[in-house]
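Novice: model this:
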Amino acid sequence: MKIYETIKETIKAKKDMIILLVFIIGAIYVMNVDNLSSSTQSIGLAQYDIADERSAKMIGGGYYPSIYPDEPGYAPDEEKKIRKDANMNFDITEGKFNSAKDSIDRIIKTYDGFYFYQNENRNSYNNKDYRTFSISFKVPSDQFDSAISQLKNIGEIAHMSINSQDLTTQYIDIDKEIEAKTDMKKDLESLLENAKTTDEILKVKRQINDLAMQIESLQKQKTNINRQTDYSRITITLTEKNGVTDTFYEFTGIKQLAKNTIKSVNNVLVFISSIFGYAVFAIIVYGGYKLFKKKVK
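Specialist: Okay, the predicted model is just below:
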């Protein structure tokens, strides 16, 4: 009985501290659940991407997500309107930079493309200049995959992403809306011929003008889709490698070690900041609880 009474008195004396500790533990638990949920979502997304790639169908020599009858992009027996974009980053060995640029120009000309943006910068390191070059250009969509295949030979690919979007359904819907509004406009024009009063004439003319503006807007949307799907955009970035330094880092593993160290430190800082935030929240709630108790008493 004495032990029980001692424990009871201890709990009663430390009641406020125990409540604060429970708040902090609860906040940490919630934070870990959120992180676990985020990780699960990321893993699920990666699995979905892999499954999607396996079930992809071939379009013009490249892989793009397959479209099933219950998907929004499904439009049987219609000319597909697929918008394609690619981003490619290359690490170019010192001395081969100009050759890589010439290869890009040659490929653009070979596939009847045209560029609309390019930029070149020089950066100094150890009393030597190293260049970066960026260019964005377009090629006919039916030449997109062949152009990508040729561009892969320019140099060492540091990063590459290819995206596609099926605009077929959107294009068809616009076409149908144009047809419907054109028919309505014709009906109103017939009514205008039979209008007798000035009010009737003005009212019908306003409706005709509104429809004409809507049709024009839809035509512009249709033209825009054609421009996006007739030509595909490719963006390339060339980065001249710092031969000696990069080779040394890669050979010794120092580069990867530095990246891992920075990543670990960043994770620790994020964890500490999260704990601090939840602790502050718990203290505020605890203070509110104490204030409420005082008022009740």
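
Novice: can you show me the helices along the stretch 151-297 of the chain?
Specialist: 168-194, 198-230, 243-252, 254-296 (DSSP state H, counting those that start in this stretch).

Novice: what about the protein, any weak spots by pLDDT?
Specialist: 1-78, 242-256, 258-259, 265, 270, 273-274, 276-282, 285-286, 288-297 (pLDDT under 70).

Novice: mind giving me the domain split of it?
Specialist: Using automatic domain parsing, the domain ranges for the chain come out as 2-47+263-296, 62-166+231-256, 169-227.

Novice: tell me if I'm right that Arg233 and Gly113 touch.
Specialist: No. Using C-beta atoms under 8 Å, Arg233 is not in contact with Gly113; the gap is 9.8 Å. All C-beta atoms are positioned from the backbone trio N, CA, C, and that covers glycine.

Novice: and the host helix or strand of Asn123, C-alpha only, in PDB?
Specialist: Asn123 is located in strand 114-125, with elements delineated by DSSP states H and E. Extracted C-alpha coordinates of strand 114-125, given in PDB (Å, rounded to 0.1, in the frame of the first residue of the first chain):
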ATOM      1  CA  PHE A 114      14.000  25.400 -86.200                       C
ATOM      2  CA  TYR A 115      15.300  26.800 -83.000                       C
ATOM      3  CA  PHE A 116      13.600  29.600 -81.100                       C
ATOM      4  CA  TYR A 117      16.000  30.100 -78.100                       C
ATOM      5  CA  GLN A 118      19.700  29.600 -77.500                       C
ATOM      6  CA  ASN A 119      22.100  30.800 -74.800                       C
ATOM      7  CA  GLU A 120      25.800  30.300 -74.000                       C
ATOM      8  CA  ASN A 121      27.600  31.100 -70.800                       C
ATOM      9  CA  ARG A 122      31.300  30.900 -69.600                       C
ATOM     10  CA  ASN A 123      32.200  30.000 -66.100                       C
ATOM     11  CA  SER A 124      35.800  30.200 -64.700                       C
ATOM     12  CA  TYR A 125      37.300  27.500 -62.500                       C
END
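
Novice: and that strand, what does it pack onto?
Specialist: On a contact count with 3 or more C-beta pairs under 8 Å, 6 or more residues apart in numbering; DSSP states H and E, strand 114-125 meets strand 128-140.

Novice: quick one: buried residues of the strand it packs on?
Specialist: Going by neighbour count (16 or more other C-beta atoms under 10 Å), the buried part of strand 128-140 is 130-133, 135-139.

Novice: out of the residues you listed, which is nearest to Phe271?
Specialist: Thr132 (35.2 Å; C-beta to C-beta).

Novice: ok, what's across the strand from that closest one?
Specialist: Thr132 has these beta-bridge partners by DSSP bridges: Asn121, Thr239.

Novice: I appreciate the help and will end here.
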